[in-house]
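In: Structure, please.
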Amino acid sequence: MRKAVLDGRAGRERLDPDDRDLAFYDAPVALVSPIGARLLLGLYRDGRLKLKKPATAKLPTLEAYVATEAAFRAEVARILAAEAAKEARLAAIIADPASARPEELTPALVAKVITARLGRGPTAAWKSRGSPATKA
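Out: Numbers count the residues shown, from 1 in each chain. So this is what the prediction gives:
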């Protein structure tokens, strides 16, 4: 199945690059998304998988998981939008450190701003809304 996904086609179905990226999640145990499950189901129905037992007509659990693909895609889109917003906010703060709100000020943010503005040096300092911040 992984080979079919990496090749970009599983049986009669062609995959776009986004689907290839979302089909699997490599964790300590390989996980299959609803997109990967849809491909697995297609390969199963086309008889392209080696089976130890005879194929069954219905796979209700797998079919139910495939049915969650729209919700999965919506969740992925939400996560990507949140990451993009976070990156945009970071870029705005780097461009104008005074725009950082007090609750946003963390040692990691200070380090990113100083590194972006002054480069990677051993120490640096700057002021945000009149409050001194340093990086050692």
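In: mind listing what's buried in the helix ranked longest in the chain?
Out: Assignment by DSSP state H gives helix 69-95 as the longest helix of the chain. The neighbour-count criterion (16 or more other C-beta atoms under 10 Å) identifies 69, 72-73, 90, 93-94 as the buried residues of helix 69-95. (Each C-beta comes from the backbone N, C-alpha and C, glycine too.)
In: Please apply the same query to stretch 36-54.
Out: Neighbour-count burial for stretch 36-54 flags 36-44 (criterion: 16+ other C-beta under 10 Å).
In: got it, and stretch 95-108?
Out: By neighbour count with 16+ other C-beta under 10 Å, stretch 95-108 contains the buried residues 97, 100, 105.
In: End to end on that stretch, go ahead and measure it.
Out: Using C-alpha to C-alpha, to the nearest Å, the end-to-end distance of stretch 95-108 comes to 16 Å.
In: Look up how far residue 38 lies from residue 22.
Out: Using C-beta to C-beta, to the nearest Å, residue 22 is found at 11 Å from residue 38.
In: Same check on residue 119?
Out: Separation of residue 119 from residue 38 (C-beta to C-beta): 48 Å.
In: For this structure, just list every one of the helices.
Out: Under DSSP H, the chain gives helices at 2-7, 17-23, 34-45, 60-66, 69-95, 107-118.
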